[in-house]
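[1] next comes the sequence, and after it the predicted model I'd like to discuss.
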Amino acid sequence: MNEILIDVDGSPRGYVAWYNHSTNDSMIRTTRSLPKNIKFGVQRAEMIAIYYALKDNIELISNGKLSGKKKLYIDVRSDSRSTIEQLQGISRIRDKKLLVMFKRIMKLLISNGLKIIFHYVQRNMNIAGVILDLQRRGFL
């Protein structure tokens with residue numbers, strides 16, 4: 001079985017990033033920033049980052065860059081333990097907007113017939129987080 005390993009990170013400031021270890025591709029997207037001190041703001045940003053990482057990489061798979069691999073599954077890693085637990089079904093989703101994003105992610109996976117695994121990774125091991133930190137500091 002082959003895997004695609006993707007790190008994701010999101011910032012309530014309006015930036016989301018992903019890094020695909022299989023292709024060494026990455027992307028930073030600008031989204032609408034969330035109001036300061038909003039409840040579930042970090043989880044919303046992380047969920048948006050996961051959605052875009054999957055959407056962009058599903059396009060890579062369907063365009064043939066990774067399509068030669070049989071029994072392909074995607075391993076998504078995030079440094080937000082609560083978001084990962086929500087996606088794994090361990091924790092309940094208590095926010096309507098988070099639930100909408102969760103449903104979009106599941107629809108994307110089901111419609112493309114992909115198997116996915118969600119893992120928590122420490123902040124310093126999340127390459128997408130490093131990319132966002134560099135962007136925030138003005139190095140990218």
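    Good, I have the coordinates. Numbers count the residues shown, from 1 in each chain.
[2] what's the following helix or strand after the top helix by length along the chain?
    If you go by DSSP state H, the chain has its longest helix at helix 41-62. Per DSSP states H and E, the first helix or strand lying C-terminal to helix 41-62 is strand 72-78.
[3] relative to helix 41-62, how tilted is that following strand?
    Here strand 72-78 runs at an angle of 160 degrees relative to helix 41-62 (axes from the mean of the first three to the mean of the last three C-alpha atoms, to 10 degrees).
[4] which parts of strand 72-78 are buried?
    For strand 72-78, the neighbour count (16 or more other C-beta atoms under 10 Å) marks 72, 74-78 as buried. The way it works is simple: take the backbone N, C-alpha and C, and place the C-beta from them, glycine included.
[5] any chance you could give me the next helix or strand after that strand in CSV, C-alpha atoms only?
    Toward the C-terminus, strand 72-78 is succeeded by helix 81-88 as the next helix or strand (DSSP H and E). Output of helix 81-88 as CSV, limited to C-alpha atoms (Å, rounded to 0.1, in the frame of the first residue of the first chain):
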residue,chain,number,x,y,z
ARG,A,81,-4.6,17.7,18.6
SER,A,82,-8.2,18.8,19.1
THR,A,83,-8.8,19.0,15.3
ILE,A,84,-7.3,15.6,14.7
GLU,A,85,-9.4,14.1,17.5
GLN,A,86,-12.5,15.6,15.9
LEU,A,87,-11.6,14.2,12.5
GLN,A,88,-10.9,10.8,14.0
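[6] surely R136 is in contact with S11?
    Yes. The pair R136 and S11 passes the contact test of C-beta atoms under 8 Å, sitting 7.5 Å apart.
[7] neighbour-wise, which of the two wins?
    The neighbour comparison of R136 against S11 (other C-beta atoms under 10 Å) goes to S11, with 23 against 12.
[8] I am finished for the moment; much appreciated.
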